[in-house]
Structure formats: C-alpha cells, structure tokens
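**Q** Here is the input, now give the coordinates:
(chains A and B)
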Amino acid sequence: MIHTPHVDWFAISTVLVLLGASFIALLGAVLVPAAWRRTFAVTVAALGSLGGIVTSVWLYVDSANGHRVIADSFYRDRWTALTQVILCATTLVTVLVGADRVREHESEFFALLLASAAGMTFFVGSANLMVMFLSLEWFSIALYVLCAIDYDLEGSLEAGLKYLVVGSFGSAALLFGSALVYGATNRIGFAEIAQQVGVHGISGDLLLVLGLAMILAGLAFKSSSAPFHMWTPDVYQGAPTTVTAFMSSATKVAAFALTFRVLRTAFPQEAHLWTWALAGIAVASLVIGNLAALVQTDVKRLLAYSSISHAGFILIGLSTGTALGGRALMYYLVPYSAMAFGSFAIVAARERELGKAVTLENLAGFGWERPFLGVAMWFFMFGFAGLPLGGGFIGKFYVLSAAYDHGWTWLVIVGVLATLVSLYYYLGVVRAIYMRGPQLAVATGGSPPRETLLHIAVGAALVVSVGSLVAVGPLITLARHAASTLPF
Amino acid sequence: MTTSTITSVLIWLPIAGALAIWILPLSRYATGSLAVLVSLVEVGFWIEQAARFNFTRTGLQFSERTPWIKDLHVSYHVGEYGFSLWLVGLTVVVMAACIGYGFWVGRDRPRAYFGLMLMLTGATVGVFVAQDLLLFYAFFEAMLIPLYVLIGVWGGANRIGATLKLLIYTMAGSLVMLAAIIVYGLKVGTFDLVDSPPSASRWLFLGFMLAFAIKAPLFPFHGWLPDSYREAPPEVTAILSGVVAKAGTYGMLRIALTKFPEPSSYYRTVILALGAAALVYGSVLAFRAVDFRGVVAYSSMAQSGLITIGLFSGTNLGYNGAVLQMIAHGLISASLFLIAGAVERRTTTGEFSRLGGMAKGRPALATLLMTVGVISLAVPGSAAFAGEFLILAGAYTRAWWWAAIGATGIVLAAMYVLRLISGVLHDARGPMVQDEALDLRPGELALVVPLVAALLVLSAWPAGISHHSFAGDRPINAVYEQFR
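**A** Model prediction:
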C-alpha cells in the first residue's frame, strides 16, 4: 500500500481556487455559446481571483504559527499568504484590463492566466527543491503560451519563443543547481538542507556553492535581474500588453518572495556568499536597467528596463538578508507591483487607441486627452522615480535603510545615484504626456474608447500605490509578521 | 478643533482643495474662485495661528505627532517655532497672491493649473513645519512635483530644458540628502528633528548642505536658476524665488546648523565664502542682466547668499537678520515678479532695450515698482535695510571683512535696482511700449498691494519678526539648545 501524507487542504486553498476557476473558464470554451464566452470567462476569472484573495487573507489570519504541510513540502505561513494576496490582487486587475482587450481565445486566455497565477501562489509556498522547480515550470509554461497567444502577430510569437528558450535555460540552471545541492546534502527540503550543512559542516563545499549559484541564476532569470535580463525588453515589448503588465508585477513578486525564503531557509550558512552575490546582481541591474532605459523610445521597452532597475532596488533589500531587508522587500513589492501593473495598463489603453506600438513620440498630448489615465501615469512615473507621490518613495527609503543597517553605505550611494539617473527617463514620459502638443496623426479619430474596467484597474493600482504611502504603518506590520516566519 | 491641528490643516487643506478641483468638473471660473477661496482660507488659518502663538515660550508649538513607520522611528511630526511661523505666513500670503494672479490672467487648463498650485502650497507649508527628517524630505521633494509640471506646461518657449535642469540639479542635491538622512537617522536611532541628538559627522553635514545650497542657491550651484526663473510663468517664478528658495535657507537653519554644530563651525569659512560669492557674483550678474526677470532672478541669488552669511555668522544678530531678510526678500521678489508679469503682459517683453518710459501715464505701476524697488535696495528705514543691517552687524562680529563684502553687495543692489527702475519706468519710451498699454488694473493691484503693504508694515516694525523668531529672542540658545 502506498503511504499518502495527510493533506491540509486549507493550506493550498488559494491554489485550488485559482486552479478550479481556471478549469471552469477552460470548459467555457466548449460549453458556453460564443456570444457569452467572453463574459463567462471574465466573470469566472474575476470571481476566481477574488476567491483567491479571500482565501489567502484568511490563511494569513489563520497561520500565525508558520509550519509545513503535506509531507513538509509546502509552507503554510504568513510569508506565503501575504505574497498570495499580492499575486491574486494582481491577477484580478489583470482580468479587468484583459476583459475587453483579449482579441480571441478568451476562455483559453483567462484559463491560462489563472493557471499561471495558481502556479505562482504554489511556487511562493514551496518548501523543497522539487516543489519549487515543478511550480516554477507550471507558471512559466502558462506564461510562455500567454506571451504567444496573439500568434498571428509576429511580435507576440517572437516574444513567446524567446521567453520559452531563455526561460527554459533558466529553469535548466535551477534544476541543475537543485541537483547539485541535493548531491551535496542528500536532502531536498529547504530546512533540511540547512540542517545537513550545519551537521556535516559542509558550508563552503564546492558542490553546494555551485548549486546555490545556479539556483540563484535560475531565479534571477524569472525576476529579470541583470545579467539574466536579456529576454526582458523583447518579451515585454512583444507580448500582449495585458500579459506584460501581469508578468512585470506578479512574476517578479513571486520570484523575489521565494528567493528570499530559499536563501534564508536553506542557505543561511552561505549568507556571506549570497549577500555579496545579490549585491552584485543588484548593482548590475541598477546600472544596466537605468542606462539602457535612458535611450529607449518605445514605452514598453522603457518600462521593461525600468522594471530591471527596480529589480535592482528590490535586490538591495534582499541582499542584506536581514529581517529589516525582508520587511523592506515585502513592502517594496506592494507599491512596485501596483505601479508596474498600472503603467503597463495605461500603455495598453493608448495602444488600443492608436492601433500601434506606443512610443514617447506618440504619447504626446495623452495626458490632456485622457485626464484620469494621464494623472495616473504621472503618479506612477514620479512614484517609480522615488518622489513622494506614492509608496515607491518609502520603498526606496526602506531598502536603502536596510542596506545601511547592514553596513553597506556604498550600496546606499549606488541606489541614490541610480535614482538620479532614472529621473531622466521617468520625467521623459511625463514630459511626453503633458508638455508636447497633441499629435494630429492619431489614426482612429473620434473620442477614445470608454474602458470602464481598465479605468477601475488603473484606479485600483493608483489607490494601492498612493495608499501604501499613507498606510505605511499597517503594511509594515503585515510585512513584519510575514517576515517573522522566516528563520533569521 | 484643537489648536495643534491647525498646523496639519495648513498642510492638508490646500491638498484637499487640489483633489477637489481635480475631481469636480467645475467651470473655469468656479475652479479659479475655489482655488482663490482655499488660499484665502489658508491665510485666515495662519492669522488665527499667529494670533495664538506664544513668542516667549521655548520649544515647539502647535505640534502634532503620530507614528508613521514605527520600526525605523519615523513619525508624522509637525509643529512650529517662531521663525517657521513667519515662513509659513510668507508661503500662504505669496501663494494666495500668485494663485490670484493665475486666476487674473486666466491660465489655460484651469483645473490642472489650480490643483497644482494648491498642491504646491501644501507641500511648501509642509517643508516649514515638518519636524521629522523623512517627512521634511518628503515635502522638500513634493514641492518639485507640481513645480515641474507648472513650468513644463505653462512656461515659456525653452521650458523643457529649464524643467530638466531644475529637476536634475535639485534632485541631485536632495538625493544626497536622502542618503545623509538615512545614515543620520539610523545612526542616532530616530528621524525626529526635535529628539535627535547633534552629530559631529562632516560628511553628513555636507550631504545636507549640498541640497540646501542648490535650493537656495549658493554660488557654484545656481546653474538651474536663470533658465527656470526666465521660463516659468511669472507667478511661478515669484513662488520659486519668494518661497521655494527659502526652503534652502530654512533647511540650513533648522537642520544643518542645529544638528551639526561642530561641522558647521568647521566649514563656517567655506560657507561664508560661498555666501559672499553668491552675493557679489549674483549682484554683478543682476547688474548685467538684460531683462526685468533676469535682474530679480540674480538678485534672489545674491539675497540667498546674504541670508546664508547671516545664518553662518553664528551670532544673535545674524540669525535675527537672516529670518527677517528671508521674509522681506520673499515679499519683495514675489511682488517684483508679479509686476514683471504685468509688464510682460503689456509689452510682450522684459528686455530693457525695448522697454522704458512706462511711468508716464501709469501712476499705479510706477508707484508700486518704485516702492518695492526702493525697499529692495535697502534704503534706510526699509524692511530689507533692517534685515541686511542685522546680518552685516552679525557678520562684522565674526570678522570685519565679511561685513565689508556684504556692504559691497548692498552698493551693487542699489545699482541694479535703480537700473531696473529706470530701464522700465524712465528713460526714453521703448519700442514695445504702446500708448494703449494700460496701467495696473484693480485686479492686479489687489494682488500686489497686499504684498507691498506687508512690506511697509515690516519696514515700520521689523522687530515684529526679528525679535519674534526665536523663543525669548535668544537665537543662539534656541539654535544650539532648545531645538532638541
């Protein structure tokens, strides 16, 4: 008889809700008449992500004592739950933006979106190398297809293919690294790895360190940190903008949250190595992301490079490996994901209006034509630049504080310089939307489409990014509770 | 409402007004009226506060404190000292006049414009009342956000370059300050400006001073000034030089001097030299400037230098004079820029080569410009004279040559102001001055006359500010002991 472990269904309820909604949405492709299909898929997807928010909030409340469930393969704790809340919220707004934007294959699109969200919510809770790899592949495969879903557009297909090839390379690195770590410690559970390293005194063992490096590289591919970022601009540019918005926020949140957990839980003895490695990656991301963004004219590419530079800021917090760094990371992810999502959603709106790629040139006059989206973009750009128009400001303050607290004043200076450089291109966007006359070459003519759902989604992102400035206290408390479940 | 919430109301009322203007679909006229109303209510609240202010009491007044980021000991802490009260007053009065000016000239896109002006009001008041370093930084930066758009959208032909310079320069300074704030705050364990102990770190002092020196601006950091002052709409320039630049000198007084006593005396000579350089160089540039705004812009830089000299003289007289001069110069430059705006509206230019002879048939314009000009060149008996005299007396006790340099600045001031007055009002009639160009209209008078009236009151009773800025009129005590 095969021994089956006890399953704590509630611990994985968020995953199950999203997955269930994904199946129902997919069934809609065959069972629901074509005329109703879009409404059906959108409704199911929205309800599914709402359900995910509910269950993960519930889990947060109910998991004060973090522990592992299902044969010690999944963490039921607040770090998982809080990340899941962010992920589900991102999924929900993605559904809103995608609702009247997805061109065809509505059922498949939303089913894949939910499946990938489910994979991410599973990924962030993974407690051993195997679950980590499987769930990474799970959400990645869904994303590969989502990138290429407009397969009749060359850009979309190219994006999907690029992401597939580079992403698989990253996954392979992760898998290989996992194998090396397993070889060194004979364990796959995160906590057990640390324990074995302690017991056998194999800290610094070549196999272990090599494995750790490859795992880090694999995760850095997902979080698009330099020098593992090469795919990012092309994929972000080519993928349908809804998908880009989702990837730039959700994927990064999942990847960073898990990276911190793996490093703290499985490799605490190696901290002297990975703190420096991550600091190096952070600096590389800041330098490459910011400098490359300076010369971009395509707004999606510009935002892609900006997301790389923000990966650098987040990594500053992560690289300290301290509790303060963990809180800084968790806090940063909230306004960041809201701003990243919101700005791509606004690009999506303009894209539809123009029927072509959005450049700084053809953004001219946008702020006056569509006041709400313009103001929101203004908030997001200044927020990205770290001006006090939203939580991005506190996020930067927090990660830099964590760096100083860790004794890395030099990293504070790098962060400050990077912010100064980033101003140039963020201001460039604001300049484009407000300070140039409206372009007469807008092809479509007439008044812009009324996009209520998109406005709601952007409004939600705006509320979160501004709200996180006001409600720093409560958010930090949440982040503190979440981070306290990790071993320090 | 308890008295201590007035400070918060002064910050958030205009910001709430800005939100209301952005959200409500009001007509052009209603939007402008609402903005003017809010700015006047703001002045009313300030008068109420000034009336209740106890000038003999030491320590912070009208203070309010709530934790903001607990684990880093950051709080929402606002409150006022005597000199902050005067700077807030300067802000609300000048902002009201400038918002009124915007309404009078009928700026395009009124909802965006007036919302931003109100947002700027709130942020600037916030700078002067924040008693927490991070909060101070947030407001210091928040001023830039509306300024960027105000200049970039409603400015002159070269506005894009001007805004870029303004932002890059000032952000370079403030980001260095952010690093200094983080290091200082984490080192002493609190970001509170009242609680935090002084530090002896020279690096941190320089980090703060860089930001303030750019904002003020002092001599080698003034690269952003000419473009911004020339390209911005006149009322925004009035705010920039009248109020926003004062945030730099305020920061020197509130943070650089009080929190870094040892470094500030170590670098005293350097900073006095930079102040003197700003004073002399600015005055010379003002004398050489070819247009109305150029003169006032460079003279603002000169005055910032003079105020810095007063502050870093480290004497009772110097501190008192510096505060008085901040207020007096704020009012002077705001009224001069508004008058410059009025002149430009009538003649489409500010260049002296194309202006002249405007006094004839325009008595109101001539009287006002003459009055402000005479006050600004520090004629004995004027507010600026009192301020400059105190500053020079303070500098003299430090070393006689600082006072000597300061005095040359005053001589130069007489030269450039008289050149300004004769270039606009007298001389032969310029080619751009038409007979049809009207005298100041009642609407314009209503904006400038209150500013000039305030200046006349200050001229009559400069001690109203100079003896009521520091508790018990003992600035050195206040700066080195009571602010902690």
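
**Q** ok, for whichever residue of the stretch 251-400 of chain A sits closest to chain B, nearest residue in space, not its chain neighbours?
**A** Per CB to the nearest CB, A:Pro388 is where the stretch 251-400 of chain A lies closest to chain B, at 4.0 Å. All C-beta atoms are positioned from the backbone trio N, CA, C, and that covers glycine. Nearest residue to A:Pro388 in three dimensions, chain neighbours excluded: B:Ala138, at 4.0 Å (CB to CB, 6 or more residues apart in numbering or on different chains).

**Q** the helices in the stretch 101-250 of chain A, which residues?
**A** Along the stretch 101-250 of chain A, the segments classed as helices by DSSP state H, counting those that start in this stretch run A:106-123, A:129-147, A:154-185, A:190-200, A:206-222, A:231-238, A:241-246.

**Q** Now do the third one: which elements does it pack against?
**A** This means helix A:154-185. If you count contacts as 3 or more CB pairs under 8 Å, 6 or more residues apart in numbering or on different chains; DSSP states H and E, helix A:154-185 packs onto helix A:129-147, helix A:190-200, helix A:206-222, helix A:231-238.

**Q** got the angle between it and helix A:190-200?
**A** Going by axes from the mean of the first three to the mean of the last three CA atoms, to 10 degrees, helix A:154-185 is angled at 40 degrees with respect to helix A:190-200.

**Q** in helix A:154-185, what counts as buried?
**A** For helix A:154-185, burial by neighbour count (16 or more other CB atoms under 10 Å in any protein chain shown) applies to A:155-160, A:162-164, A:166-167, A:170-171, A:173-182, A:184-185.

**Q** what's the spacing between that helix and its chain's center?
**A** Here helix A:154-185 is found 17 Å from its chain centre; the criterion is CA atoms, centre = their mean, to the nearest Å.

**Q** same question, the fifth one
**A** Relative to the mean C-alpha coordinate of its chain, helix A:206-222 is positioned 20 Å out (CA atoms, centre = their mean).

**Q** Please apply the same query to the shortest one.
**A** For helix A:241-246, the distance from its own C-alpha centre to the chain's C-alpha centre is 11 Å (CA atoms, centre = their mean).

**Q** then it to CSV, C-alphas only?
**A** Extracted in CSV, the C-alpha atoms of helix A:241-246 (Å, rounded to 0.1, in the frame of the first residue of the first chain):
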residue,chain,number,x,y,z
THR,A,241,0.4,44.3,-23.0
THR,A,242,-2.0,42.8,-20.6
VAL,A,243,0.3,39.8,-20.2
THR,A,244,3.3,42.2,-19.9
ALA,A,245,1.5,44.0,-17.1
PHE,A,246,0.9,40.7,-15.3
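
**Q** and that helix, what other elements does it pack with?
**A** On a contact count with 3+ CB pairs under 8 Å, 6+ apart, helix A:241-246 meets helix A:78-98, helix A:129-147, helix A:231-238, helix A:299-320, helix A:323-354.

**Q** Can you give the contact residues for the third one?
**A** Defining contact as CB atoms under 8 Å, 6 or more residues apart in numbering or on different chains, one finds that helix A:231-238 is touched by A:147, A:155-160, A:162-163, A:166-167, A:221, A:224, A:244, A:247-248, A:292, A:298, A:300-301, A:303-305, A:307-308, A:357.

**Q** What strand or helix carries A:Leu454?
**A** Assigned by DSSP states H and E, A:Leu454 belongs to helix A:452-470.

**Q** Can you get me a residue count around B:Val290?
**A** Residues lying near B:Val290 (other CB atoms under 10 Å in any protein chain shown) number 12.

**Q** Spell out which residues of the stretch 151-300 of chain B are next to chain A.
**A** B:152-153, B:159-160, B:163-164, B:167-168, B:171-172, B:175-176, B:178-179, B:182-183, B:185-186 (CB under 8 Å from any CB of the partner chain).

**Q** how about 6 Å then?
**A** Residues of the stretch 151-300 of chain B lying close to chain A by CB under 6 Å from any CB of the partner chain are B:Gly152, B:Val153, B:Met171, B:Ala172, B:Leu175, B:Ala179, B:Ile182, B:Val183, B:Leu186.

**Q** mind checking the SS state of the fifth one?
**A** The three-state label given to B:Leu175 by DSSP: H, G, I helix; E, B strand; the rest coil is helix.

**Q** what do you get for the second one?
**A** Per three-state DSSP, the local secondary structure of B:Val153 is helix.
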